[in-house]
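S.K.: Okay, structure incoming, though there's no sequence with it:
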Ligand SMILES: O=C(O)[C@H](O)COP(=O)(O)O
């Protein structure tokens, strides 16, 4: 399994899908009100790594308690947002695709999920089922869109994700919704090509292992993980960032500022470029950043800053959610609605 490495405000943190629970799921198990521990995962064999297993428990203290006591009556998420202008940002790399399964370089080739990828997307949905989502952004590729839609089938708020079609005046006109109530029960999904996986050029369709044997492990690792070295006639991560991070700053960040909770379902490299921006990673640090398929990552956007909160665990898993006060209030509201 891959490992995602972040340089948060305290120490160096690694977390991954590796976890003590039966069905995986990185995340938190709070031993004490202000302590969170993360399980470190290990590198993924099918990515051409040696499969060295590193699995240690990292404990870091958080400045605020993992979950604040939720006392007064539950406010709706917009009220609580107005007071603390805190919003949630969820990032999910798509579930396993048919070419991930075949260990082929995919890039911008538009392949669907495998059965396992569908299951990963549904599991990811369980893990974010208590976190507010007001808008969804995906890439233009089906594997990311399938992941978003499947994940949302598990959401407890039961709003309907609807892909926005404004590629032409007719598409916009023909997909209008003529009921305000129905609109309130829906979540706009914006598919943006700028969030597509980085274009892998002449590697697309090639087997990763065979390519490493042909060009050498180091050269392929440099093409795959370096910041500014593009694969033959493809995009470097830097070139991918020029479109993906620009899109995030121009279109998504203003929505977070306005109080919207956002989910982005995209790809290993387009998300690496966005996380590099969110976590202010250097071009050296981003080399070791790996994202597993279908593992949600949660950020809190507050006072113009992004605070990484790791990967929420599933509602049925042991451990306590590393929730903020607002997220705990939102979850309590869902609990109230469910009764
Ligand atoms: O495009 C692909 O092949 C995968 O989405 C990511 O590939 P990578 O792990 O080689 O970046």
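M.R.: Yep, it's here. Note that the structure is a prediction, hence the values are computed from the model and not measured.

S.K.: Name the residues that touch stretch 232-247?
M.R.: Stretch 232-247 is touched from outside by 107, 192, 194-195, 198-204, 223, 225-230, 266, 269-270, 272-274, 276-277, 283, 286, with contacts defined as CB atoms under 8 Å, 6 or more residues apart in numbering. From N, CA and C alone the C-beta is placed, and that goes for glycine too.

S.K.: Give the buried residues for that stretch.
M.R.: Using 16 or more other CB atoms under 10 Å as the test for burial, stretch 232-247 gives 234, 235, 236, 237, 238, 240, 241, 243, 244, 245, 247.

S.K.: Next: stretch 207-224.
M.R.: Along stretch 207-224, these residues count as buried under the neighbour rule (16+ other CB under 10 Å): 208, 211, 212, 215, 220, 223, 224.

S.K.: Residue 260 versus the third one, what's the distance?
M.R.: With the distance defined as CB to CB, to the nearest Å, residue 212 ends up 42 Å from residue 260.

S.K.: now do the second one
M.R.: Taken as CB to CB, the spacing of residue 211 relative to residue 260 amounts to 41 Å.

S.K.: Now do the same contact list for residue 116.
M.R.: Contacts for residue 116 (CB under 8 Å, 6+ apart) come out as 95, 96, 101.

S.K.: sec struct for the residue in the stretch 51-200 of the chain positioned nearest to the ligand, please.
M.R.: Closest contact between the stretch 51-200 of the chain and the ligand, by CB to the nearest ligand atom, is at residue 106 (3.7 Å). Under DSSP: H, G, I helix; E, B strand; the rest coil, the three-state class of residue 106 is coil.

S.K.: right, and it touches residue 96 too?
M.R.: No. Using CB atoms under 8 Å as the test, residue 106 is too far from residue 96 to be in contact (11.0 Å).

S.K.: Would you map the helices across the stretch 151-300 of the chain?
M.R.: For the stretch 151-300 of the chain, applying DSSP state H, counting those that start in this stretch gives helices covering 169-174, 180-184, 208-215, 217-225, 237-247, 253-257, 268-278.

S.K.: Turn the ones you listed into JSON lines, including mean pLDDT.
M.R.: Formatted as JSON lines, the helices of the stretch 151-300 of the chain follow (pLDDT from 0 to 100):
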{"stretch": "helix 169-174", "mean pLDDT": "96"}
{"stretch": "helix 180-184", "mean pLDDT": "96"}
{"stretch": "helix 208-215", "mean pLDDT": "97"}
{"stretch": "helix 217-225", "mean pLDDT": "96"}
{"stretch": "helix 237-247", "mean pLDDT": "98"}
{"stretch": "helix 253-257", "mean pLDDT": "97"}
{"stretch": "helix 268-278", "mean pLDDT": "98"}
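
S.K.: how about those in CSV, adding distance to residue 313?
M.R.: Formatted as CSV, those follow (distance: least, CB to CB, whole Å):
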stretch, distance to residue 313
helix 169-174, 39
helix 180-184, 30
helix 208-215, 30
helix 217-225, 28
helix 237-247, 28
helix 253-257, 24
helix 268-278, 20
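
S.K.: Would you tell me which residues of this protein are close to the ligand?
M.R.: Counting by CB under 6 Å from any ligand atom, the positions of the chain adjacent to the ligand are 105, 106, 107, 197, 200, 224, 267, 268, 269.

S.K.: so can I have a markdown table of those residues showing distance to residue 153?
M.R.: What follows is the residues of the chain next to the ligand, written out as a markdown table (distance: CB to CB, whole Å):
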| residue | distance to residue 153 |
| --- | --- |
| 105 | 30 |
| 106 | 24 |
| 107 | 28 |
| 197 | 24 |
| 200 | 30 |
| 224 | 32 |
| 267 | 21 |
| 268 | 23 |
| 269 | 27 |
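
S.K.: now, among those, which is nearest to residue 308?
M.R.: When the residues of the chain next to the ligand are ranked by distance to residue 308 (CB to CB), residue 268 comes first, at 17.5 Å.

S.K.: Thought residue 95 was touching that closest one, still the case?
M.R.: No. At 11.9 Å, residue 268 does not count as touching residue 95 under the criterion of CB under 8 Å.

S.K.: More neighbours: which of those two?
M.R.: residue 95 (29 against 20; other CB atoms under 10 Å).

S.K.: helices and strands of this structure: which one bottoms out on pLDDT?
M.R.: Ranked by mean pLDDT, DSSP states H and E, the weakest helix or strand in the chain is strand 29-32, scoring a mean of 29.

S.K.: which regions of the chain lie under the pLDDT threshold?
M.R.: In the predicted model of the chain, residues 1-84, 315-322 satisfy pLDDT under 70.

S.K.: ok, which stretches of it are strands?
M.R.: With DSSP state E as the criterion, the chain has strands at 3-6, 13-16, 29-32, 35-39, 57-61, 86-93, 135-138, 160-163, 186-191, 262-266, 296-302, 305-310.

S.K.: who's in contact with residue 89?
M.R.: If you count contacts by CB under 8 Å, 6+ apart, residue 89 has them with 256, 261, 262, 263, 264, 298, 299, 300, 301, 306.

S.K.: Repeat that for residue 143.
M.R.: So residue 143 contacts 94, 95, 97, 110, 111, 112, 113, 117, 267 (CB under 8 Å, 6+ apart).
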